[in-house]
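> Build me a model from this:
(one chain, ligands or ions: 1)
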Amino acid sequence: MNGAKAIGPIPAEFASGFPAEQWIAQAGGTPLFVYDFAVVAARVAQLRAALPDSVEIHYAIKANPMPALLAAIAPLVDGLDVASAGELEKALGLMASHAISFAGPGKRDFELEAAIRAGVTINLESEGEAERALLIADRLGIRPLLAVRVNPDFELRGSGMRMGGRASPFGVDAARVPALVKRLIAAGADWQGFHIFAGSQSLDSGAISESQSLTLALAGRLAEEIGASPPLVNLGGGFGIPYFSGDTPVDVEGIGRALAFQMERLSPMLAQSRFAIELGRWLVGEAGVYLARVVDRKESGGEAFLVIDGGLNHHLAASGNFGTVVKRNYPVAVATKIGVEPEEIASVVGPLCTPLDRLADRVALPKTEVGDVIAIFASGAYGPSASPSAFLGHAPAREMLVGTANP
Ligand SMILES: *Cc1c(COP(=O)(O)O)cnc(C)c1O
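Numbers count the residues shown, from 1 in each chain. You can find the predicted model right below:
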């Protein structure tokens, strides 16, 4: 419609309709995040088919730590990546301990102790953390599983969040990694290899492949300098999903082919290594839809505003305040009017007393009334757990898992 701002692409699985009111009744009301597990299972299967057999798939649970979703995805993947003692607690029991890895800066002593006791792999973020882990392991009399997170000397091009190629709170600068690994081995630790994460939310498969190729080369060089082969090389992830107008999906088949080509040309130091890709958003993001009911409809300055019963307190990312510079519209629709022609331009706002609480800015929608349900798609990752839910004291959003792995 004339004057409307563009929205992102609605994932195919939802585009032709879905039982919004039925889900809401089942969950007991709005606001509600629904995650369709059939979509998650399809993504895992697509990735498995695309990747070489030697590459494991890990799920980074911070993207969506909902317990029911974790329990459902754990049997489909080869590892879980956690970033706090809280996440570790959620992951334990769902997966063999050695297939759980713990990354993230600022691990406290009690977190290192919990990880060492549980027998999970710690991805060390600094020399200081390494020394604390060694001391704690020594005190406990346990041989710790330790890997080193490398701050690579390159970055993932076209990445929404860059995490390499510069001064960084994440990982140990590549040049200092050999000395640290030698220290770990000399101290008797069970060295598990490298964790190299160069960025996140990239839709550019060429850039992802380039980054994987640089990662493999870096891992080979480091191993030669150390004089030992890494049991595991975690290649990071970085696969994005389409959120905004003009975004197109990552070509995972192309990435898989390029990776297979790389695997044929590995440094001999990596010949016995296992490899992993760790993904959060790409596995679960498109499986989620946020449903909120229109509480009020108002006009101001000639524009229509639809006020819904949840906002950035549940879904900070859709408001454009989580890792984006320019506010652009997520895919959005009136769930109770799917397939109805757009008739007006309206903004969708939440109930918080801040102008930041705008979930869709001047989008073309069917005529929408109080009681209709707004759906915001691509909401399966970095939703409730990445939003300031205590802000203004509204109730948290409900969350529900639907669908099965084998429809
Ligand atoms: C956040 C994070 C991920 C997951 O990133 P996505 O963009 O959700 O795929 C993977 N690995 C590490 C180390 C992370 O910090």
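> what are the ranges of the strands in the stretch 251-400 of the chain?
274-279, 288-300, 303-308, 332-334, 344-349, 358-365, 373-376, 398-402 (DSSP state E, counting those that start in this stretch).
> could I get those as JSON lines with distance to the ligand and mean pLDDT?
Placement of C-beta: from N, CA and C, glycine included. JSON lines is the format used below for the strands of the stretch 251-400 of the chain (distance: least, Cβ to the nearest ligand atom, whole Å; pLDDT from 0 to 100):
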{"stretch": "strand 274-279", "distance to the ligand": "4", "mean pLDDT": "98"}
{"stretch": "strand 288-300", "distance to the ligand": "13", "mean pLDDT": "98"}
{"stretch": "strand 303-308", "distance to the ligand": "26", "mean pLDDT": "97"}
{"stretch": "strand 332-334", "distance to the ligand": "21", "mean pLDDT": "98"}
{"stretch": "strand 344-349", "distance to the ligand": "25", "mean pLDDT": "98"}
{"stretch": "strand 358-365", "distance to the ligand": "21", "mean pLDDT": "97"}
{"stretch": "strand 373-376", "distance to the ligand": "18", "mean pLDDT": "98"}
{"stretch": "strand 398-402", "distance to the ligand": "17", "mean pLDDT": "98"}
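> so how far is Glu56 from Leu214?
The spacing between Leu214 and Glu56, counted by Cβ to Cβ, to the nearest Å, is 20 Å.
> hmm, back to that, can you lay out the strands of the stretch 251-400 of the chain as JSON lines showing mean neighbour count?
JSON lines is the format used below for the strands of the stretch 251-400 of the chain (neighbours: other Cβ atoms under 10 Å):
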{"stretch": "strand 274-279", "mean neighbour count": "23"}
{"stretch": "strand 288-300", "mean neighbour count": "19"}
{"stretch": "strand 303-308", "mean neighbour count": "19"}
{"stretch": "strand 332-334", "mean neighbour count": "24"}
{"stretch": "strand 344-349", "mean neighbour count": "21"}
{"stretch": "strand 358-365", "mean neighbour count": "22"}
{"stretch": "strand 373-376", "mean neighbour count": "25"}
{"stretch": "strand 398-402", "mean neighbour count": "19"}
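> Name the residues of the chain found near the ligand, please.
60, 62-63, 81, 103, 197, 200-201, 237, 278-282, 381 (Cβ under 6 Å from any ligand atom).
> just the residues you listed: which has the poorest pLDDT?
Within the residues of the chain next to the ligand, pLDDT reaches its minimum at Ser200, with 81.
> surely that residue meets Ser211?
No: if you go by Cβ atoms under 8 Å, Ser200 and Ser211 don't touch, sitting 11.3 Å apart.
> who's more crowded, these two?
Between Ser200 and Ser211, counted using other Cβ atoms under 10 Å, the more crowded position is Ser211 (28 against 23).
> Can you name the residues that contact that one?
154-157, 198-199, 236, 238 (Cβ atoms under 8 Å, 6 or more residues apart in numbering).
> do the same with Met1
342, 344-345, 364.
> where's it relative to the ligand, distance?
According to Cβ to the nearest ligand atom, to the nearest Å, Met1 and the ligand sit 33 Å apart.
> So Glu111 belongs to a helix, correct?
Yes: membership of Glu111 in a helix is supported by DSSP: H, G, I helix; E, B strand; the rest coil.
> so who does the closest residue to Ala74 other than its chain neighbours touch?
What sits nearest to Ala74 in space, not counting adjacent residues and going by Cβ to Cβ, 6 or more residues apart in numbering, is Leu94, at 3.9 Å. By Cβ under 8 Å, 6+ apart, the contact list for Leu94 reads 70-71, 74, 80.
> Asp109 now?
132, 136.
> any idea which helix is longest in this structure?
Longest helix in the chain, counting residues (DSSP state H): helix 205-226.
> How far away from the center of its chain is it?
Mean-position distance between helix 205-226 and its chain equals 22 Å (Cα atoms, centre = their mean, to the nearest Å).
> Give the next helix or strand downstream of it.
strand 232-234 (DSSP states H and E).
> Would you give the sheet partners of that following strand, along with the direction of each?
Paired neighbours of strand 232-234 in the sheet (DSSP bridges): strand 190-196 (parallel), strand 274-279 (parallel).
> before we move on, could you check phi and psi at the closest residue to Thr354 other than its chain neighbours?
Setting aside the residues directly before and after it, Thr354 is nearest to Leu312 in space (Cβ to Cβ, 6+ apart), at 7.8 Å. Reported as degrees, to the nearest 10, the phi and psi values for Leu312 are phi -70, psi -10.
> And for the one 4 residues further on?
Main-chain dihedrals, Leu316, degrees, to the nearest 10: phi -60, psi -40.
> Met66 versus the residue nearest to it when sequence neighbours are not counted, what's the distance?
Once flanking residues are discounted, Leu316 sits nearest to Ser387: 4.1 Å by Cβ to Cβ, 6+ apart. Using Cβ to Cβ, Ser387 is found at 14 Å from Met66.
> Show the contacting residues for the residue nearest to Leu316.
312-317, 322 are the contacts of Ser387 under Cβ under 8 Å, 6+ apart.
> what do you get if the cut-off is 7 Å, keeping everything else the same?
312-316 (Cβ atoms under 7 Å, 6 or more residues apart in numbering).
> Could you check the pLDDT of it?
Looking at Ser387, its pLDDT is 97.
> Now do the longest helix of the chain, average pLDDT.
Rounded mean pLDDT across helix 205-226 is 96.
> could you check the angle strand 190-196 makes with it?
150 degrees (axes from the mean of the first three to the mean of the last three Cα atoms, to 10 degrees).
> Use 90 as the first number for this chain going forward.
Sounds good: first residue 90 from here, last item helix 294-315.
> and helix 294-315, C-alpha only, in CSV?
What follows is helix 294-315, C-alpha atoms only, in CSV (Å, rounded to 0.1, in the frame of the first residue of the first chain):
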residue,chain,number,x,y,z
SER,A,294,26.7,-17.8,2.5
GLY,A,295,29.9,-16.8,0.6
ALA,A,296,31.1,-14.9,3.7
ILE,A,297,30.2,-17.8,6.0
SER,A,298,32.1,-20.3,3.8
GLU,A,299,35.1,-17.9,3.6
SER,A,300,35.0,-17.6,7.4
GLN,A,301,34.8,-21.4,7.8
SER,A,302,37.8,-21.8,5.5
LEU,A,303,39.8,-19.2,7.4
THR,A,304,38.8,-21.0,10.7
LEU,A,305,40.0,-24.3,9.4
ALA,A,306,43.3,-22.8,8.3
LEU,A,307,43.7,-21.0,11.6
ALA,A,308,43.0,-24.2,13.5
GLY,A,309,45.6,-26.1,11.4
ARG,A,310,48.2,-23.4,12.0
LEU,A,311,47.6,-23.3,15.7
ALA,A,312,47.8,-27.1,16.0
GLU,A,313,51.1,-27.1,14.2
GLU,A,314,52.5,-24.5,16.5
ILE,A,315,51.2,-26.4,19.5
